[in-house]
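[1] My questions are about this predicted structure, shown below with the sequence.
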Amino acid sequence: MAVLRAVVEWLLAHWWVLLVAAAVAAAVVAARARWQQSAAGRGGGAPEARFDLPRIDALHHGEFEEAVRDLLFRDGCADAVRTGGRGDLGADVVGTDPSGRRWVVQCKHRSAGASGSAIGTPDLQRLNGTARPVHGADVVVLVTNGRFTQDARTFGRSQEIHLVGRELLARWAGGTWPLWWLLPQLPGQRGPSAR
């Protein structure tokens with residue numbers, strides 16, 4: 001009770017903190033509304049593209065790639081396309097986000113979900129060898145409904161490969177936030193002459 005009283009007294013003495021918090025919350029809500037409105041207005045974005053983990057786990061690997069494509073399209077990658085299959089050179093889905101960054105995504109579906117075999121460094125090494133030099137990636141992602149080995153996590157960080165494992169996939173696929181808002185340290189926006 002004393003802690004609660006101290007917090008209330010502090011907030012009363014520092015009332016401006018509540019105003020700043022309310023302003024930040026309002027700015028986030030407004031930015032999200034603008035993003036959703038602009039995604040719908042440019043023909044990109046498919047707000048209905050949502051998947052829960054049981055549904056994702058039940059997909060065939062090709063359907064998983066299509067789901068990832070649909071999620072990128074929902075996020076505003078109007079040119080998102082599934083390229084996976086024989087000879088894909090490590091890119092299952094590619095697309096350009098509203099900031100002009102080219103995304104190259106490798107998808108690894110595990111029918112057993114988290115209890116399936118973990119994604120290791122060999123998969124990341126193959127992706128790393130082609131994503132930027134062959135596919136022109138600005139952002140490289142490996143997404144799985146499973147899990148990663150610790151060595152894969154270490155390698156991914158060292159090579160700036162974003163790893164989207166089961167928990168992050170659940171947040172992305174089940175929500176409405178674009179993946180680039182959920183990932184840390186993305187490269188900046190590309191200019192019109194960058195390509």
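    Structure received.
[2] In stretch 8-22, which residues are buried?
    Buried residues in stretch 8-22, counting neighbours by 16 or more other Cβ atoms under 10 Å, are absent. Yep, even glycine has a C-beta here, placed from its N, CA and C like the rest.
[3] What are the boundaries of the helices in the chain?
    Remark: helices assigned in the chain by DSSP state H are 2-13, 16-41, 53-57, 61-75, 121-130, 150-158, 166-174, 179-182.
[4] Tell me which of those helices sits most buried.
    Across the helices of the chain, averaging neighbours per residue (mean count of other Cβ atoms under 10 Å) puts helix 61-75 on top, at a mean of 22.
[5] between it and helix 166-174, how big is the angle?
    On the basis of axes from the mean of the first three to the mean of the last three Cα atoms, to 10 degrees, helix 61-75 is oriented at 60 degrees to helix 166-174.
[6] pull the CA atoms of helix 61-75 into PDB?
    Extracted C-alpha coordinates of helix 61-75, given in PDB (Å, rounded to 0.1, in the frame of the first residue of the first chain):
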ATOM      1  CA  HIS A  61       5.600 -26.100 -46.900                       C
ATOM      2  CA  GLY A  62       4.400 -24.500 -50.100                       C
ATOM      3  CA  GLU A  63       1.300 -23.100 -48.400                       C
ATOM      4  CA  PHE A  64       3.500 -21.800 -45.700                       C
ATOM      5  CA  GLU A  65       5.500 -19.800 -48.300                       C
ATOM      6  CA  GLU A  66       2.200 -18.500 -49.700                       C
ATOM      7  CA  ALA A  67       1.100 -17.500 -46.200                       C
ATOM      8  CA  VAL A  68       4.400 -15.500 -45.700                       C
ATOM      9  CA  ARG A  69       3.800 -13.900 -49.000                       C
ATOM     10  CA  ASP A  70       0.300 -12.900 -48.000                       C
ATOM     11  CA  LEU A  71       1.600 -11.500 -44.700                       C
ATOM     12  CA  LEU A  72       4.200  -9.300 -46.500                       C
ATOM     13  CA  PHE A  73       1.500  -8.200 -49.000                       C
ATOM     14  CA  ARG A  74      -0.800  -7.300 -46.000                       C
ATOM     15  CA  ASP A  75       2.100  -5.300 -44.600                       C
END
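[7] Right, I'll call it a day here.
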